[in-house]
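A.B. asks: predicted model follows, preceded by the sequence.
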Amino acid sequence: MIVGRVARGLGELLITAGLVVLLFLVYQLWITDMFAARTQDRLHHQLDQAWGHPPPRQPGVERARPAPALPPVYLGDGLAILRVPRFGLDYSPVIVQGVSAANLRRGPGHIPGTALPGQLGNFVVSGHRTTYGKPFSRLDELKVGDPLVVEVRDRYYTYRVTGSEVVTPNRLDVTYPVPGRPGVVPTRDLITLTTCHPKFSASHRLIVYGELADTTEKSAGLPPVLKGA
């Protein structure tokens, strides 16, 4: 009798534990995607409204390198739109400012303090690979030469993938102005995309590097790499 009760109790506990794990997986793999999709819709709408107005004039001395036409962006707000032809026409996540847990639930996040799109230095963006819309789930499919288009208010910046590597989470040097070279003054406009590796694990980071290859004013239409996507 006692053995039977223990067996039944153990069985009920295992069933309950299994249901809890199943519900957790449903939440992680589907519910968070629904949350992210709604958030991304709002971010796209907010950018459409913000970009519908001309950017404020920047008084001061003329610059040899024009600064990106980006208004001040608060943490969690939309900064730019990322388009990757290899991922299809529908791929266009809004990049938000900041990489806190709350920010990354909204979309891929720009690391504050790194360069802005089209700016000299390293524009670094991190994103989820398996949850919250999994914007970087296919990052491992990118190949050298693939275009990465970053859309801002008045232009498109087309970067080209230059390489990738898998590193440990403590490799912060990938976010430096010149990745892997602390203290070196940047001379190129770079982009670095980071995500967890492998999928469903945070033991390592997958890093994709790119360099600015072309800038297209919106008044000139879509950049060539998007016309053929």
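C.D. replies: Thanks, I have the structure now.

A.B. asks: make sure I have this right: Val208 is in a strand.
C.D. replies: Yes - according to DSSP: H, G, I helix; E, B strand; the rest coil, Val208 belongs to a strand.

A.B. asks: per-residue pLDDT of it, please?
C.D. replies: For Val208, the pLDDT comes out at 98.

A.B. asks: pretty sure it is touching Val161, no?
C.D. replies: Yes - the pair Val208 / Val161 is scored as a contact, 6.1 Å apart, by Cβ atoms under 8 Å. Placement of C-beta: from N, CA and C, glycine included.

A.B. asks: the more surrounded of the two?
C.D. replies: Regarding Val208 and Val161, a neighbour count based on other Cβ atoms under 10 Å identifies Val208 as having more, with 24 against 20.

A.B. asks: restricting to C-alpha, output stretch 149-168 in PDB.
C.D. replies: Provided in PDB are the C-alpha atoms of stretch 149-168 (Å, rounded to 0.1, in the frame of the first residue of the first chain):
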ATOM      1  CA  VAL A 149      21.300  47.400 -44.600                       C
ATOM      2  CA  VAL A 150      20.600  49.800 -41.700                       C
ATOM      3  CA  GLU A 151      17.800  52.300 -42.400                       C
ATOM      4  CA  VAL A 152      17.600  55.600 -40.600                       C
ATOM      5  CA  ARG A 153      15.500  58.700 -41.100                       C
ATOM      6  CA  ASP A 154      16.900  59.900 -44.300                       C
ATOM      7  CA  ARG A 155      19.300  57.200 -45.700                       C
ATOM      8  CA  TYR A 156      20.300  53.600 -46.000                       C
ATOM      9  CA  TYR A 157      23.700  52.400 -44.900                       C
ATOM     10  CA  THR A 158      24.800  49.200 -46.600                       C
ATOM     11  CA  TYR A 159      27.400  47.200 -44.800                       C
ATOM     12  CA  ARG A 160      29.000  44.000 -46.100                       C
ATOM     13  CA  VAL A 161      29.800  41.000 -43.900                       C
ATOM     14  CA  THR A 162      33.600  40.600 -43.500                       C
ATOM     15  CA  GLY A 163      33.700  37.600 -41.200                       C
ATOM     16  CA  SER A 164      32.400  35.900 -38.100                       C
ATOM     17  CA  GLU A 165      33.600  34.000 -35.100                       C
ATOM     18  CA  VAL A 166      32.400  32.300 -31.900                       C
ATOM     19  CA  VAL A 167      33.800  33.700 -28.700                       C
ATOM     20  CA  THR A 168      33.200  33.400 -24.900                       C
END
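
A.B. asks: so who does the residue minimising distance to the centre of the chain touch?
C.D. replies: For the chain, the residue nearest the mean C-alpha position is Pro108 (2.9 Å; Cα atoms, centre = their mean). Neighbouring residues of Pro108 by Cβ atoms under 8 Å, 6 or more residues apart in numbering: 82, 93, 95-96, 125-128, 135-136, 193.

A.B. asks: having no further points to raise, I will conclude here.
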